[in-house]
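Q: Coordinates for the following, if possible.
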Amino acid sequence: MNLQRGSVVCSRAGHDKGSFFAVISMHDGFAFVADGKGRTAEKPKKKNVLHLACTATILSDEILNDDSKIRQALKAFNSRRTQGGNLIV
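A: Numbering: from 1, shown residues only. Take a look at the predicted model:
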């Protein structure tokens, strides 16, 4: 798994399992993630990298600095999750 700032990830564990997030930063084996709504870029959630599944998508720094742009970028991932039922990452 090659996580970096801007990676779009899916939570594999916890109460947010199946939700998509953008990685805001990395530190000591943890990723700080935001979805732009419940978890903003100002106050990201600390997640163990073992509990995240990485996608091939990487968001630009311009998107990561604006919560509304993060929500817009993740909308396609979250709508795919609700339509199909099965999650393919």
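
Q: Quick check: closest non-adjacent residue to S25.
A: The shortest distance from S25 to any non-neighbouring residue, by CB to CB, 6 or more residues apart in numbering, is to F32 (4.7 Å). In this view, the C-beta of every residue, glycine as well, is placed from N, C-alpha and C.

Q: Oops, could you answer that again for V49 instead?
A: V49's closest residue in space is A31 (CB to CB, 6+ apart), at 5.4 Å.

Q: A53: which element?
A: Assigned by DSSP states H and E, A53 belongs to strand 52-58.

Q: Where does pLDDT dip in the protein?
A: 1, 80-89 (pLDDT under 70).

Q: Which residue ranges of it form helices?
A: Per DSSP state H, the chain carries helices over the ranges 61-64, 67-84.

Q: Please tabulate the ones you listed in CSV and include distance to L3 and mean neighbour count as additional columns.
A: Converted to CSV, the helices of the chain look like this (distance: least, CB to CB, whole Å; neighbours: other CB atoms under 10 Å):
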stretch, distance to L3, mean neighbour count
helix 61-64, 14, 14
helix 67-84, 16, 14
